[in-house]
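# Sequence and computational prediction follow.
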Amino acid sequence: AQTVTQSQPEMSVQEAETVTLSCTYDTSESDYYLFWYKQPPSRQMILVIRQEAYKQQNATENRFSVNFQKAAKSFSLKISDSQLGDAAMYFCAYRSGSFGNEKLTFGTGTRLTIIP
Amino acid sequence: GAGVSQSPRYKVAKRGQDVALRCDPISGHVSLFWYQQALGQGPEFLTYFQNEAQLDKSGLPSDRFFAERPEGSVSTLKIQRTQQEDSAVYLCASSLVRGTFSYNEQFFGPGTRLTVL
């Protein structure tokens, strides 16, 4: 079974600075997807960024980028120019690449606080 | 609305009561997922439908949990004889199925917070 580990329960960053959230995972599959989700207090889970395992290039979405190290099974999220609206719980998640096996396996989350 | 909706948003039940949680997926979405999120934890997979077929129910914690999607649209998660350990937020997500090798983004609803006293 796949597992996802987030070792930082809480992180804080000064507004406009850069912060990196860590995630490691364990799998025996070669084809899979990795995600970062944001969950604000409203509880609505929002997709921030995704990475396909077969792609060597790290995904980027505006101020959000990942550092995907497949051999090390590491998938960190970098948030640049942090904004107050970035404050939320962030979850790393794994999905198998097998068709029909679409369930997400989540880590325990990192609570990100933005300091004005 | 255009998003996934869930009702009720909050539910308080006495231990031993039965509850039913509803999920309305995005129109046209084929796949529907249920997750359970305990306080301070990440969501955990419960079950998954493609249209009306329940393809995976490996995450249901006991036979007190039952999910259905009879017409391939709205889904109901039913919990019988609720216990205190059932207290959690129950999240529903839906996705299109665009093909065997396509990634299908899951769109989440706001969840139902269940408190069992």
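Okay, I see it. Residues are numbered from 1 along each chain as shown, chains lettered A, B, ... in the order given.
# What residues does chain B have near chain A?
By the rule C-beta under 8 Å from any C-beta of the partner chain, the part of chain B lying against chain A is B:31, B:33, B:35, B:40-45, B:48, B:50, B:55-56, B:59, B:89, B:91, B:93, B:95, B:100-101, B:103-106, B:108-111, B:113. Heads up, the C-betas are built off the backbone N, CA and C, glycines and all.
# Give me the subset of those lying in strands.
B:31, B:33, B:35, B:44-45, B:48, B:50, B:55-56, B:89, B:91, B:93, B:95, B:108, B:113 (DSSP state E).
# excluding its backbone neighbours, what's nearest residue 43?
Picking chain A for this. residue B:111 (4.7 Å; C-beta to C-beta, 6 or more residues apart in numbering or on different chains).
# my bad, the chain I had in mind was chain B
residue B:35 is the one closest to residue B:43 (C-beta to C-beta, 6+ apart), at 3.8 Å.
# what's the average pLDDT for stretch A:66-78?
For stretch A:66-78, mean pLDDT rounds to 96.
# Can you check the distance spanned by it, start to finish?
6 Å (C-alpha to C-alpha, to the nearest Å).
# Okay, buried residues for that stretch please.
Of the residues in stretch A:66-78, A:66-68, A:73, A:75-78 count as buried by neighbour count, 16 or more other C-beta atoms under 10 Å in any protein chain shown.
# tally of neighbours for the residue in chain A that chain B sits nearest to?
Residue nearest to chain B within chain A (C-beta to the nearest C-beta): residue A:106, separated by 3.4 Å. By the measure other C-beta atoms under 10 Å in any protein chain shown, the count of residues near residue A:106 is 22.
# Since that was my last question, I'll sign off now.
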